[in-house]
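>>> Requesting a structural model of the entry that follows:
(one chain, ligands or ions: 1)
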Amino acid sequence: APTRVLVLSASLRADSLNTRLASLVAHLVRDTGATVELARMGEFPMPLYDADAEVAEGLPEGTRALRDRLAACDAFVIASPEYNASLPGGLKNAIDWVSRAGPQPFKDKHALLVSASPSLVGGNRGLWALRIPLEHLGTRVYPDMFSLARAHEGFTDDGALVDTGLQERLAEAVTSFLRLVEADTRYVCLQRR
Ligand code: FNR
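Numbering: from 1, shown residues only. So this is what the prediction gives:
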């Protein structure tokens, strides 16, 4: 069966640079023969995490929906903005809520992290911060991360990267990430026999 990949944009903004990057990654994933689903954080609204609300009402609908989407994939990609040199609070809040689900879907899943920003750093510090909760939850975060600097002028009208060298690097990162995911999936299947 083809590898199932969820590509999630962590921005809520309609004209988001990270959603553009997520769409491009989704195309590259599809090119490898994997199946891909594109999602945006705005599809999973949830309040600020509150342990009292969790006890009284259980997990919010948005949390359960995101948990189900993650559980249904073999691997996921997050395209995340960098806010104040870290990950956006909304994304951290979503990770905290979803981590309360049983079984929590981050464990043993492979993830590729990408970012886009108008700045010169491209949001890379936000991805380093995002690694911490994900690795804590058992996600195998791919060592190579991709950050698009000056992203407001980085895309062509049809959604590719203006810099063809960078486009190639991104395609290579996606391909080698999926090769690892497929090798690992095969290994797990063999072990289960
Ligand atoms: C930012 N932005 C930003 N960019 C960056 O490269 N490093 C940073 O630390 C920050 N900090 C930051 C904080 C806050 C509160 C906001 C609202 C923005 C700019 C950010 O990269 C820019 O708004 C992107 O366009 C956000 O990504 P989307 O929404 O276009 O995907």
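
>>> pLDDT (mean, whole number) over stretch 61-71?
Averaging pLDDT along stretch 61-71 gives 98.

>>> Can you give me the buried ones in it?
Gly62, Thr63, Arg64, Ala65, Leu66, Arg67, Arg69, Leu70 (16 or more other CB atoms under 10 Å). C-beta: built from backbone N, CA, C; applies to glycine.

>>> swap in stretch 53-63?
Those would be Leu59, Pro60, Gly62, Thr63, for stretch 53-63 by 16+ other CB under 10 Å.

>>> returning to that earlier point: so which of the buried residues of stretch 61-71 comes closest to the ligand?
Leu66 (18.0 Å; CB to the nearest ligand atom).

>>> quick one, strands of the chain?
4-9, 35-40, 75-79, 110-116, 140-141, 146-148 (DSSP state E).

>>> mind putting those in a markdown table, mean pLDDT, mean neighbour count and distance to Val25 included?
Converted to a markdown table, the strands of the chain look like this (pLDDT from 0 to 100; neighbours: other CB atoms under 10 Å; distance: least, CB to CB, whole Å):
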| stretch | mean pLDDT | mean neighbour count | distance to Val25 |
| --- | --- | --- | --- |
| strand 4-9 | 98 | 25 | 5 |
| strand 35-40 | 98 | 18 | 9 |
| strand 75-79 | 99 | 27 | 5 |
| strand 110-116 | 98 | 26 | 6 |
| strand 140-141 | 98 | 18 | 15 |
| strand 146-148 | 98 | 24 | 8 |
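
>>> want to throw those strands into TSV with distance to Asp163?
Shown next, in TSV, are the strands of the chain (distance: least, CB to CB, whole Å):
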stretch	distance to Asp163
strand 4-9	21
strand 35-40	23
strand 75-79	17
strand 110-116	13
strand 140-141	25
strand 146-148	9
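
>>> right, so of those, which gets closest to the ligand?
Taking CB to the nearest ligand atom, strand 110-116 is the member of the strands of the chain nearest to the ligand, at 6.0 Å.

>>> if we take the buried residues of stretch 53-63, which one ends up nearest to Phe155?
For the buried residues of stretch 53-63, the minimum distance to Phe155 (CB to CB) is 28.6 Å, reached by Gly62.

>>> Might you report the residue contacts of that closest one?
Counting by CB atoms under 8 Å, 6 or more residues apart in numbering, Gly62 touches Glu43, Phe44, Pro45, Met46, Ala94, Trp97.

>>> Next up, the contacts around His121.
His isn't right for residue 121; it's Val. Shown in contact with Val121 (CB under 8 Å, 6+ apart): Glu82, Ser147, Ala149.

>>> Alright, that wraps it up for me.
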